[in-house]
Structures are given as C-alpha cells and as structure tokens.
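*Asks:* return atomic coordinates for the entry below.
(one chain, ligands or ions: 2)
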Amino acid sequence: MLDYVDMEADLSEEERLVRDTAREFVDERVRPDIGEHFEEGTFPTELIEEMGELGFYAPNLDHEATANLGERAYGLVMQELEAGDSGVRSMASVQGALVMYPIHAFGSAAQRERWLPDLADGSAVGCFGLTEPDHGSNPNAMETRAERADDDGYVLNGSKTWITNAPIADVALVWAKDRSAEGNPVRGFLVETDREGITTNHIDGKLSMRASVTGEIGLNDCYVPDEAVLPEVSGMKGPLSCLTQARFGIAWGAVGAARDCFETARGYAADREQFGGPIARFQLQQEKLAEMATAITTAQLLAHRLADLKERGELRPQQVSMAKRNNVAAWREVARTAREMLGGNGITTDYSPMRHLANVETVYTYEGTHDIHTLIVGEDLTGISAFE
Ligand code: TGC
Ligand code: FAD
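*Replies:* Ligands and ions are numbered 1, 2, ... in the order given. The predicted structure follows:
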C-alpha cells in the first residue's frame with residue numbers, strides 16, 4: 001500500500017489499530033457490494049449501525065458516547081472509508097462532523113443527552129441543512145426563516161436542497177435566520193423529521209456520489225420548541241465551524257480515494273500485457289505512476305500536518321481550505337489518470353477508479369467548491385476579500 005515517505009512509522013499503536021480496523025471494515029463490508037450500490041444508486045444502510053459499533057462517528061469528540069480518539073486517528077478513519085467509497089465517508093462526515101460536532105460544541109446538556117448516544121451508535125441518523133436552491137456558495141444569503149410562534153417556540157419556513165441523508169434522517173440540523181432577533185442572526189434548529197411541517201424528498205438522477213442518499217428538505221410552518229435551538233452559537237460561525245470539521249475529514253478522505261485509484265492502476269499495469277509484456281514497463285506508464293504517487297504523498301503530508309495543528313488547537317480554517325482544495329484536486333487528477341491506465345476496463349464498476357472519478361465531482365463541489373477555497377486562501381494571503 002502506497003506510503004512513500006513512511007508515515008506509518010510515526011503512527012501510535014492506537015492509530016495503527018484504528019486504521020487497520022477501518023481498512024478491514026472497508027475490505028470486508030464495503031468493497032464486495034459497492035459497485036452494485038453505485039450502479040443502483042443505493043446506500044448500504046446496513047452499514048450505518050455497523051459503523052456506529054466500530055466508533056466511526058465523531059471519534060475525535062471528547063464524550064462518553066464516542067471513541068475519544070485523537071485527530072490523526074479520526075483522519076485515518078476518513079482516509080480508509082473514502083478508499084472504499086465517498087458515499088460511506090460522507091455518511092460518517094455528516095453524522096459526526098456536521099451533526100454530532102455542533103450538538104457537542106453548541107448544544108444544551110439535554111440536547112447532548114438526547115442525541116449524542118443515538119447518533120454515535122447509528123441508531124439515529126442526522127443530516128445538515130445549510131444549502132438552499134438559490135444559495136449554495138453563499139449560505140449567508142439563506143432565505144429559510146424562524147419566526148416566534150408563541151412564548152416558547154419557533155415556526156420554520158423555507159427549503160434546503162442537496163442534503164446528504166435527508167430522506168433517511170431522524171433529525172435535521174436546519175440553519176435558519178431568526179427573524180425575532182436583531183440583525184436576523186443564523187441559528188441552528190434540531191428538527192425531528194417526523195414533526196408536522198417538515199418533508200424530505202429524494203434527489204434522483206445523480207451521476208456522482210451514487211452510493212449516497214441525497215434529498216431536499218421542505219419546511220412549511222414547521223413548529224419547534226425553544227429546546228430545539230442550539231443555544232451556544234449565533235451567526236454564520238455556527239455552520240461554518242462545522243464545515244471546518246468536515247473539510248478536515250475530506251482532506252484525509254481524498255488521500256484514501258486517490259490511493260485506491262493508484263493501487264488499482266499499479267496492479268493493473270503489472271498484470272496487463274501488451275506488445276509482449278506488462279504495460280508497467282513502458283516509460284509513459286511509469287511517469288503516470290510517479291506523478292500519481294507524488295501527488296498522493298504531498299496530500300498525505302498536508303493531512304498529517306493538519307492533524308498535528310488541530311491536536312494542538314492551532315489549526316486555522318484557511319489551512320483546512322488549502323488542504324481540502326489541494327487534496328481533492330489531486331485526487332481528481334489521479335482518478336482520471338488511473339482510469340486511463342485501465343483502458344476500456346477502466347470505465348466499468350469492476351474497477352474503482354471510474355467510480356472515484358465520478359464521486360470526486362461532488363467532493364470538488366460540496367463543502368465549499370474548489371473556487372470558493374481558492375478565494376478563502378486568496379483572502380488569507382492578501383487581506384482582501386473577493387466575496388464583497
Ligand atoms: P464570514 O463573514 O467570512 O465569517 C462569518 C463568521 O464565521 C467565522 N468563520 C469560520 N469559522 C469557522 N470555520 C470557518 N471555516 C469559518 N469561516 C468563517 C468568521 O470568523 C466569522 O466569525 P465572527 O465571530 O466574526 O462572526 O462568512 P461569510 O458568510 O462571508 O462566508 C464566506 C464563505 C464564502 C467563505 C462561506 O460562506 C463558505 O464557506 N461558503 C461555502 C459554502 C459551503 O461550504 N457549503 C457547504 C454546505 S454543507 C455540505 O456541503 C455538506 S456535504 C456533506 C458531506 O460531507 O457528505
Ligand atoms: P453555486 O454556488 O451556484 O456555484 C456554481 C459555480 O459558481 C461553481 O463552480 C462555483 O465555484 C462558482 N462560484 C460561486 N461563487 C463564486 C465566486 N464568488 N467566485 C467564483 N466562482 C464562484 N449542502 C448541505 O447543506 N448539506 C449537505 O449535506 C450537502 N450534501 C451534498 C451532497 C451532494 C451530492 C452535493 C452535490 C451537494 C451537497 N451539498 C450539501 C451542497 C453543496 O455544499 C453545494 O452544492 C455547494 O456548496 C455549491 O453550491 P451550488 O451547488 O449552489 O453552486
């Protein structure tokens with residue numbers, strides 16, 4: 001398995017164990033059926049509780065319901081899950097980084113008690129509703145609104161789209177503008193999906209991230225009590241800090257997906273014979289392998305460095321943007337090259353690169369598009385915002 005500069009040597013015993021557990025889970029439970037799920041456009045829902053039992057949801061949170069691992073171990077789990085399929089990593093990212101993290105960081109004691117154990121073991125599923133039909137890259141312009149219903153509740157109206165897990169979620173973390181407070185700040189609302197006034201529709205026709213459930217959320221006079229509001233955060237800092245957690249996981253996941261493409265291409269090149277010998281002997285093919293291995297190693301180093309900074313509490317969101325941007329773009333290039341090295345066989349679900357190549361179009365777009373991360377880093381470097 002590619003680890004060109006021997007990062008393995010720096011892993012603790014616990015980190016190796018966690019990485020191996022996730023790798024074994026992917027080999028045994030994801031790889032055998034994932035091509036079929038991708039073709040059929042279904043998510044292997046039986047894995048939801050299995051991943052909970054293995055502690056894959058928010059293992060980096062300090063809580064009695066979670067695995068209480070460090071940031072590198074968390075990254076390694078995301079790396080191995082995405083080597084299987086982005087849909088599986090997405091499931092863990094949404095549940096852990098986008099729903100459990102904000103409940104842990106900004107929730108009340110009652111909210112933590114109600115949701116964290118069930119989300120950690122996968123008996124409940126969460127989703128994160130930020131994007132709207134007319135507001136993707138600029139969620140601050142959201143139209144979903146919360147209005148005071150009476151003295152102790154809110155009524156939500158609006159719609160969210162492209163929401164991972166929405167059709168199978170038990171709880172939706174909906175971000176909405178609070179019309180009753182000065183400046184209409186964005187607040188987070190934990191909405192049970194069996195409440196009156198909330199509907200979720202399945203989005204069909206995806207040609208990317210097919211082994212993942214995606215949907216819309218409709219809010220039509222949906223009443224929620226005050227206890228549904230995340231009390232400890234107000235403003236865009238709430239959703240954006242969740243995105244920082246998830247983007248960190250994606251920076252690691254990209255390494256896993258790219259590595260899986262590389263290993264598939266390397267193995268294929270050694271076996272496939274043309275002109276009287278393996279295609280791996282051709283300099284053109286070796287150059288492709290060298291380029292891929294270098295890009296993956298660079299991405300891997302960035303991910304490991306991010307984990308160190310995060311562990312020390314020194315990680316800045318802009319550094320996460322740089323890593324998400326670089327690592328996903330590297331994976332996109334690697335997936336394309338690996339697919340090419342497999343010739344005609346490369347376009348089928350018998351091999352992983354084309355599936356990863358289709359998936360990366362989503363990952364390149366969600367959690368902040370490549371362009372948006374360029375501008376975040378650009379602002380950090382110049383002090384001038386391109387968004388205004
Ligand atoms: P801005 O004025 O820059 O900041 C508002 C406040 O937020 C703070 N902040 C952050 N905090 C933590 N992490 C970050 N990444 C942060 N970015 C900003 C900032 O310090 C400020 O705090 P304060 O205390 O001063 O109020 O915010 P803006 O509204 O102008 O944002 C600009 C921009 C473009 C960077 C932001 O809107 C953005 O990132 N847009 C991209 C949208 C996006 O990523 N959407 C993702 C939707 S969720 C998703 O895709 C899930 S995929 C599921 C899966 O993984 O499967
Ligand atoms: P737009 O914002 O309309 O962008 C269109 C194009 O314009 C892009 O190329 C973009 O880079 C470019 N652009 C936009 N602004 C600028 C600018 N200022 N400068 C230069 N170029 C710019 N969202 C959630 O809230 N929760 C989820 O769980 C979730 N899951 C998703 C799952 C899938 C499969 C997909 C595809 C998306 C998901 N999303 C989710 C939504 C995702 O975050 C958005 O698609 C993403 O933020 C981009 O928004 P948009 O699609 O509206 O594109």
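*Asks:* around ligand 1, which positions in the stretch 251-388 of the chain sit nearby?
*Replies:* Neighbours of ligand 1 within the stretch 251-388 of the chain, by CB under 6 Å from any ligand atom: 317, 366, 367, 368, 372, 376, 387. (C-beta placed from N, C-alpha, C; glycine too.)
*Asks:* quick one, which of those are buried?
*Replies:* Among those, those classed as buried by 16 or more other CB atoms under 10 Å are 366, 367, 368, 372, 376.
*Asks:* so residue 173, which of the three states?
*Replies:* Under DSSP: H, G, I helix; E, B strand; the rest coil, the three-state class of residue 173 is strand.
*Asks:* burial of it, as a residue count?
*Replies:* 28 (other CB atoms under 10 Å).
*Asks:* what's the single longest helix in this structure?
*Replies:* Assignment by DSSP state H gives helix 237-271 as the longest helix of the chain.
*Asks:* that one: what's the following helix or strand?
*Replies:* Per DSSP states H and E, helix 237-271 leads on to strand 273-274 as the next helix or strand towards the C-terminus.
*Asks:* residue 70: what's it in contact with?
*Replies:* Going by CB atoms under 8 Å, 6 or more residues apart in numbering, residue 70 touches 14, 15, 60, 307, 311.
*Asks:* quick revisit: what about the buried ones among the residues of the stretch 251-388 of the chain next to ligand 1, which are in helices?
*Replies:* 372, 376.
*Asks:* widest-spaced pair of the buried ones among the residues of the stretch 251-388 of the chain next to ligand 1?
*Replies:* Distances among these were taken as CB to CB; the most separated pair is 366 and 376, at 15.0 Å.
*Asks:* and for residue 155, the neighbour number?
*Replies:* The local packing of residue 155 (other CB under 10 Å) involves 18 other residues.
*Asks:* repeat for residue 168
*Replies:* By other CB under 10 Å, the residues close to residue 168 number 17.
*Asks:* swap in residue 134?
*Replies:* A total of 11 residues lie near residue 134 under the criterion other CB under 10 Å.
*Asks:* how about stretch 81-89 against ligand 1, any contact?
*Replies:* No. Residues of stretch 81-89 are not located near ligand 1 by CB under 6 Å from any ligand atom, the shortest gap being 7.5 Å.
*Asks:* show residues contacting that stretch.
*Replies:* Against stretch 81-89 from outside (CB under 8 Å, 6+ apart): 22-23, 26, 30-31, 34, 37-38, 43-44, 47, 51, 56, 78, 92, 209-212, 249-250, 252-257, 259-260, 355-356, 359-360, 362-363.
*Asks:* distance between the ends of that stretch?
*Replies:* Start-to-end span of stretch 81-89 (CA to CA, to the nearest Å) is 5 Å.
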